[in-house]
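**Student:** Pasting the sequence and the predicted coordinates here, then a few questions.
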Number of protein chains: 2
Amino acid sequence: MDNLIQEKTKQAVSILHEMDIDLWITFVRETSAGGDPVLPLIYGHGLTWQSAILISKTGERIAIVGQFEENTARRTNAFDKILPYNESIKPHLLKEIDRITPNRIALNFSEADVFSDGLSVGLYQVLLGYLKNRPQYLDRIVSAENIIGALRGRKTNAELERIRTAIETTDKIYERTMQLIKPGMSEQQIAAIMHTQVKELDLIPAWDWDHCPTVNAGADSPAGHVSPTEIQLKPGDLLHFDFGVEENNYCSDIQRLAYLPSSTHPSPPAEMRRAFETVVLAIQNSTKAIKPGTLGKDIDSIARSTLTNEGYDEFKHATGHQVGRQTHDGGAIIGPLWERYGETPNWPLEEGQIFTIEPSIIHPDHGVVALEEMIRVTDTGCEFLSTPQTELILLKNE
Amino acid sequence: MDNLIQEKTKQAVSILHEMDIDLWITFVRETSAGGDPVLPLIYGHGLTWQSAILISKTGERIAIVGQFEENTARRTNAFDKILPYNESIKPHLLKEIDRITPNRIALNFSEADVFSDGLSVGLYQVLLGYLKNRPQYLDRIVSAENIIGALRGRKTNAELERIRTAIETTDKIYERTMQLIKPGMSEQQIAAIMHTQVKELDLIPAWDWDHCPTVNAGADSPAGHVSPTEIQLKPGDLLHFDFGVEENNYCSDIQRLAYLPSSTHPSPPAEMRRAFETVVLAIQNSTKAIKPGTLGKDIDSIARSTLTNEGYDEFKHATGHQVGRQTHDGGAIIGPLWERYGETPNWPLEEGQIFTIEPSIIHPDHGVVALEEMIRVTDTGCEFLSTPQTELILLKNE
């Protein structure tokens, strides 16, 4: 079995080195009540009493945990030093900080990125209380958002393999679903076919059950963040899906399009085909431009203009987001410089990041015309992790 | 169906009134990455963009949410005013605060209670940024820990019903399990019998899968926070369980004891019976003393001394904790004044709170001798929600 925690904590050391931050402290308690979102990546278990994961630029990886959690910490094989305590975390914690005497201490707070904002206000006050007699450290505290952004974004081999597995499972579920769909089924019935398979595999959907999958049958189906409705699939309809699974804690996120032939249109009508092909082209054009160092806003603009050049409306969302432990995994985005994306479209893409590419058209006659592929930024460009859809799937009309 | 969110937000108004706090703001974003633990109680859904739940002493209940979540907020039927936004939450939020002009504003931070500490440091900085031109409010910010403690602790009728249901389910699973147990089964096999039933009911265990149930067969089984082992149940063994389910988001937490007769001891041996009866007595003695206003430390002391008076060692945990949406639901505790419980054993018990009572003996010859009942503080005393176990369950030896 891959040792993800070991890989990620080692990677954290190299990121600290690169960013010249001496010490990164993840400080948590009672994580079953809602923990720090970085903890699964660098520890992989819950923690009960006040606990601290210390990672230093010089390569030290230290876990200070309650005595009952010492063995769990040990079994991660990710820490050089495990310091269990009985009464209070304070003595161990201060001793380690004093020994390392960091010039820059990163803590998990961020105005911009929720995944880097796992430290709660009360717990921060507890930490400041511990440091009361060491005022020299207070000015050295910095946000860990860049560390965490890099750590989540740059997938290790073990992470990449898990995501590939989730994509394979998604493909299989799509394939089986297409075989089982019958004319007249409602969007809800089609979603149920997929949910049944997810359950049989003992997995969960990549996002909330009620919206994963999204199913849109024909032009009357409401687009956007809507649960599958009672609208029935009719011959001549375009059928749109947005779906993914979470498998071994990693997610997939893929959109697909199928067509139900009618007697008058055994093949997709020309306008539907043109919209579909424009979406395919937007994916091809934008992914060709991806490589480390390019900005998400520039890639977004290529996808966006491919559609508007063909006379379609601009889509009201980003071209792509990162995928990892979460379907929307934070960090750099392939999107426009809209206020709600903050600075994230200006962050350069990095090797190892995994993005969706998901341009869309809302077509007045055919509904949602959208595909979503998953790509990985490589050292020289990008590679598709999903097998790009280039033809409309034809459903059986019987 | 009960409307829990409506009940709890109304209850919050009366708590604000009682505590003379003008405005309570729960400020969140992207809660799928780990939200504020109070949100399920006062909103009941996830929230994506920056969102604020405002509850005022004068009875106003306001939700400021992103436009795509307006309908969800409306369907809670818990808010007088729903303010959806598109670009930024700031204008709505400042307008409402200015209109209410609170003298005391409670926010969700707490050094002592993780369930009241849902505001993250970065998000707090965002909020302080919004209030930059209104420095008058900064001195009026107080912790919401007392509000949240009361809100979680004082169960409404709808909450009580859900907990009763979880207890009934737990009883049924215990009953069926006792019928299926056979001599020679391992602790893991016995746990699997219970897990199968939990799955069939489409429920989840009340705490983490690997430790719920805890199963201890005989004196060699390790006590404490340990997963079921391969140790096999032998005739003459005492069998101890700690188990609960989460049903409709509310939990149960119940310990039971059973005895597998042997040819030499068709009835439980005298020392086992004496330990069992002492635990039963500790539960009876301590619950008799419970009423609103008593302190948890005093109740704890009654249970504790019942055991030590009989010559047993003092148990190394609290006599009882609150149960609700979480198995360990925070707030006041029935425990000793040990450092790790902070001030919580000094907090007076309140009507409507639901506690476990779980004294324990680790017996050198018989292993874990512990029961756990659930009680509710009433206006004049307390009532059992579980049916107290007063006789050892006799397993079939065949």
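**Tutor:** Received the coordinates, thanks.

**Student:** so where do the helices sit in chain A?
**Tutor:** With DSSP state H as the criterion, chain A has helices at A:4-19, A:39-42, A:70-75, A:90-100, A:121-130, A:145-153, A:157-180, A:187-200, A:270-288, A:296-309.

**Student:** Of those, which shows the lowest average pLDDT?
**Tutor:** Among these, helix A:70-75 carries the lowest mean pLDDT, at a mean of 90.

**Student:** ranking the helices of chain A by burial, who's on top?
**Tutor:** Ranked by mean neighbour count, these are led by helix A:145-153 with a mean of 23 (mean count of other Cβ atoms under 10 Å in any protein chain shown). C-beta: built from backbone N, CA, C; applies to glycine.

**Student:** Export that one to PDB, keeping only CA atoms.
**Tutor:** Provided in PDB are the C-alpha atoms of helix A:145-153 (Å, rounded to 0.1, in the frame of the first residue of the first chain):
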ATOM      1  CA  GLU A 145      -1.400  29.300   2.600                       C
ATOM      2  CA  ASN A 146       1.400  29.000   0.100                       C
ATOM      3  CA  ILE A 147       2.800  25.900   1.800                       C
ATOM      4  CA  ILE A 148      -0.600  24.200   1.900                       C
ATOM      5  CA  GLY A 149      -1.500  25.400  -1.700                       C
ATOM      6  CA  ALA A 150       1.600  23.700  -3.000                       C
ATOM      7  CA  LEU A 151       1.200  20.600  -0.900                       C
ATOM      8  CA  ARG A 152      -2.400  20.000  -2.000                       C
ATOM      9  CA  GLY A 153      -1.700  21.000  -5.600                       C
END
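
**Student:** does chain B sit close to stretch A:355-365?
**Tutor:** No: judged by Cβ under 8 Å from any Cβ of the partner chain, stretch A:355-365 makes no contact with chain B; its nearest approach is 15.2 Å.

**Student:** buried set for that stretch?
**Tutor:** For stretch A:355-365, a neighbour-count test (16 or more other Cβ atoms under 10 Å in any protein chain shown) marks A:355, A:356, A:357, A:358, A:359, A:360, A:361, A:362, A:363 as buried.

**Student:** for that stretch, what is the average pLDDT?
**Tutor:** Averaged across stretch A:355-365, pLDDT comes to 97.

**Student:** Any chance you could list what contacts that stretch?
**Tutor:** Residues from elsewhere that reach stretch A:355-365 (Cβ atoms under 8 Å, 6 or more residues apart in numbering or on different chains): A:219, A:223, A:238, A:253, A:255, A:271-272, A:275, A:278-279, A:282-283, A:286-287, A:290, A:303-304, A:306-307, A:312-313, A:315, A:317, A:319-323, A:334, A:349, A:368-377.

**Student:** next one: stretch A:132-143
**Tutor:** Contacts of stretch A:132-143 (Cβ under 8 Å, 6+ apart): A:21, A:94, A:97-98, A:102-107, A:109-110, A:116, A:128, A:131, B:122.

**Student:** Give me the mean pLDDT for it.
**Tutor:** The average pLDDT for stretch A:132-143 rounds to 96.

**Student:** How far does it stretch from one end to the other?
**Tutor:** Stretch A:132-143 has an end-to-end distance of 20 Å (criterion: Cα to Cα, to the nearest Å).

**Student:** now stretch A:52-69
**Tutor:** Stretch A:52-69 end-to-end distance (Cα to Cα) = 12 Å.

**Student:** What's the separation between residue A:9 and chain B?
**Tutor:** Look at residue A:9 and chain B: by Cβ to the nearest Cβ, to the nearest Å, they are 20 Å apart.

**Student:** and that residue, what is it in contact with?
**Tutor:** Shown in contact with residue A:9 (Cβ under 8 Å, 6+ apart): A:42, A:55, A:61, A:78, A:79.

**Student:** Show only the entries of those residues found in strands.
**Tutor:** A:55, A:61 (DSSP state E).

**Student:** List only those of the contacts of residue A:9 flagged as buried.
**Tutor:** So, by 16+ other Cβ under 10 Å, the buried ones in the contacts of residue A:9 are A:42, A:55, A:61, A:78, A:79.

**Student:** Pick the one among these closest to chain B.
**Tutor:** Nearest to chain B out of these is residue A:42 (Cβ to the nearest Cβ; 14.7 Å).

**Student:** Tell me how far the closest one lies from residue A:386.
**Tutor:** Here residue A:42 is placed at a distance of 28 Å from residue A:386 (Cβ to Cβ, to the nearest Å).

**Student:** cool, residue A:308 as well?
**Tutor:** Taking Cβ to Cβ, one finds residue A:308 at 25 Å from residue A:386.

**Student:** related to what we said a few turns ago, redo the contacts of residue A:9 as a markdown table? Include distance to residue B:148.
**Tutor:** Output for the contacts of residue A:9, formatted as a markdown table (distance: Cβ to Cβ, whole Å):
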| residue | distance to residue B:148 |
| --- | --- |
| A:42 | 29 |
| A:55 | 33 |
| A:61 | 35 |
| A:78 | 34 |
| A:79 | 34 |
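
**Student:** from the contacts of residue A:9, which are also near chain B?
**Tutor:** Applying Cβ under 8 Å from any Cβ to the contacts of residue A:9, none is adjacent to chain B.

**Student:** Can you verify my assumption that residue A:251 contacts residue A:326?
**Tutor:** Yes: here residue A:251 reaches residue A:326: they are 6.5 Å apart, a contact under Cβ atoms under 8 Å.

**Student:** who's more crowded, these two?
**Tutor:** Between residue A:251 and residue A:326, counted using other Cβ atoms under 10 Å in any protein chain shown, the more crowded position is residue A:251 (27 against 23).

**Student:** what residues does the stretch 101-250 of chain A put near chain B?
**Tutor:** Within the stretch 101-250 of chain A, the positions adjacent to chain B are A:107-126, A:129, A:143, A:207-208, A:224-225 by Cβ under 8 Å from any Cβ.

**Student:** In strands, which of these fall?
**Tutor:** Those of these lying in strands (DSSP E): A:107, A:143.

**Student:** of the residues of the stretch 101-250 of chain A next to chain B, buried ones?
**Tutor:** A:107-126, A:143, A:207.

**Student:** hmm, who's touching stretch A:379-388?
**Tutor:** By Cβ under 8 Å, 6+ apart, stretch A:379-388 touches A:163-164, A:167, A:171, A:252, A:254, A:280, A:283-284, A:287-288, A:290-292, A:351, A:354, A:371, A:373-376.

**Student:** again with stretch A:222-230
**Tutor:** So stretch A:222-230 is in contact with A:186-188, A:190-191, A:210-211, A:213-216, A:221, A:362, A:367-368, B:68, going by Cβ under 8 Å, 6+ apart.
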